[in-house]
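Engineer: Here is the input, now give the coordinates:
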Amino acid sequence: MNRPQPVRPPQFITLLGKVMNVLLALVCATATIWAGRLFMVRQGLPYDAAGQYVNPQTGIIYDDNIVRVALGLTLLFGALTLLLLLTAYKLYRASPRRKAR
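Structural biologist: Sure thing, here's the model as predicted:
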């Protein structure tokens, strides 16, 4: 009984997938750093009398949930970055050759 041979994707598609993975990993890593800095800056802001964060340099008042939102963005982008790095590892590592039967 003949088994059908697995169809390999064209090399262009494989290369495009690898390049897109690296680009998305870089974008997500940059977004993680941005969100982490946003979290740390917003967490360091002082409170006003109403219990909201206020930037004394600009006078802008932020809602008290801004720190949780920034932390959530940091965790989300960090998880996406780790997922993309894991898939990049699987894409770029040398796969062992299977023996023909």
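Engineer: What strand or helix carries the residue lying closest to residue 43 once chain neighbours are set aside?
Structural biologist: In space, and not counting its chain neighbours, residue 43 is closest to residue 67: 5.2 Å by CB to CB, 6 or more residues apart in numbering. For every residue, glycine as well, the C-beta is placed using N, CA and C. Using DSSP states H and E, residue 67 maps to helix 66-92.
Engineer: before we move on, the earlier item: which residues are in contact with the residue nearest to residue 43?
Structural biologist: 39, 42, 43, 53 (CB atoms under 8 Å, 6 or more residues apart in numbering).
Engineer: The residues you listed in strands, which ones?
Structural biologist: Among these, the ones falling in strands (DSSP state E) are residue 53.
Engineer: Return a PyMOL selection command for the buried portion of the contacts of residue 67.
Structural biologist: Per 16 or more other CB atoms under 10 Å, the buried members of the contacts of residue 67 correspond to this PyMOL selection:
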select buried, resi 39+42+53
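Engineer: for this protein, what's the longest helix?
Structural biologist: The longest helix of the chain (DSSP state H) is helix 11-43.
Engineer: Next, the buried residues of it.
Structural biologist: Quick answer for helix 11-43 (16+ other CB under 10 Å): 21, 24, 25, 28, 29, 31, 32, 35, 36, 38, 39, 42.
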